[in-house]
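J.: Coordinates for the following, if possible.
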Amino acid sequence: MTDLPSYPVRLAEDIASLIKTLDDHLDQATPRQAAEILAKVLDTEEGLLTRVTDLVGTGSRFAQNQAHRGMLPPEVWLAMGRASNELHSVGMDLDEHADAIKQLGTPSTTASTLPPQPVASAMVVRRSR
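T.: Residues are numbered from 1 along each chain as shown. Here you go, the predicted structure:
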């Protein structure tokens, strides 16, 4: 007989599934809807990225505790800490652009209030073969 997963494990599975569903909706969304979704994801107070960053930070503290007890290799703790720091850094980088995304998702947005369209740079241009 297999043990049933605990509530927190089922919760993690459910959240992962909901994130996949959200990704599917984002993929099919209109530009305004996509901007609304992304604005919520990137919200620095209550957004999904902030919550995931906090979760990985908590995981890093868990790994630190277990590494100090000899239950996990120190590399696990270092990797978790690095992931937490990188997510935080990415969140800060994206926060610089959150207002542009929020503005695009605002129903009253018109062509005259949209931010200027970015020009493709060599870094983001893809070659087709």
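J.: can we go C-alpha only for contacts and neighbour counts from here?
T.: Noted.
J.: Before we move on, what's the pLDDT of residue 117?
T.: For residue 117, the model assigns a pLDDT of 62.
J.: Give the residue spans of this structure that score low on pLDDT.
T.: 1-2, 109-129 (pLDDT under 70).
J.: For burial, what's the neighbour tally of residue 38?
T.: Counted with other Cα atoms under 10 Å, residues neighbouring residue 38 total 19.
J.: Contact partners for it?
T.: Taking Cα atoms under 8 Å, 6 or more residues apart in numbering, we find residue 38 in contact with residue 101.
J.: so it is in which element?
T.: In the assignment (DSSP states H and E), residue 38 maps to helix 31-42.
J.: Repeat that for residue 72.
T.: With DSSP H and E as criterion, residue 72 is part of no helix or strand.
J.: From residue 55, how far off is the closest residue to it other than its chain neighbours?
T.: Excluding the flanking residues, the one nearest residue 72 by Cα to Cα, 6 or more residues apart in numbering is residue 66, at 5.5 Å. Residue 66 is 17 Å from residue 55, where distance means Cα to Cα, to the nearest Å.
J.: and what of residue 49?
T.: With Cα to Cα as the criterion, residue 49 and residue 55 are 10 Å apart.
J.: out of the two, which sits in the busier spot?
T.: Set side by side, residue 49 and residue 55 show more neighbours around residue 49, with 20 against 13, by other Cα under 10 Å.
J.: Spit out the contact partners of the more buried one.
T.: Counting by Cα under 8 Å, 6+ apart, residue 49 has contacts 41-43, 87, 91.
J.: make it 10 Å
T.: 38, 40-43, 55, 87-88, 90-91 (Cα atoms under 10 Å, 6 or more residues apart in numbering).
J.: Which one (most neighbours) among the residues you listed?
T.: residue 42 (22 neighbours).
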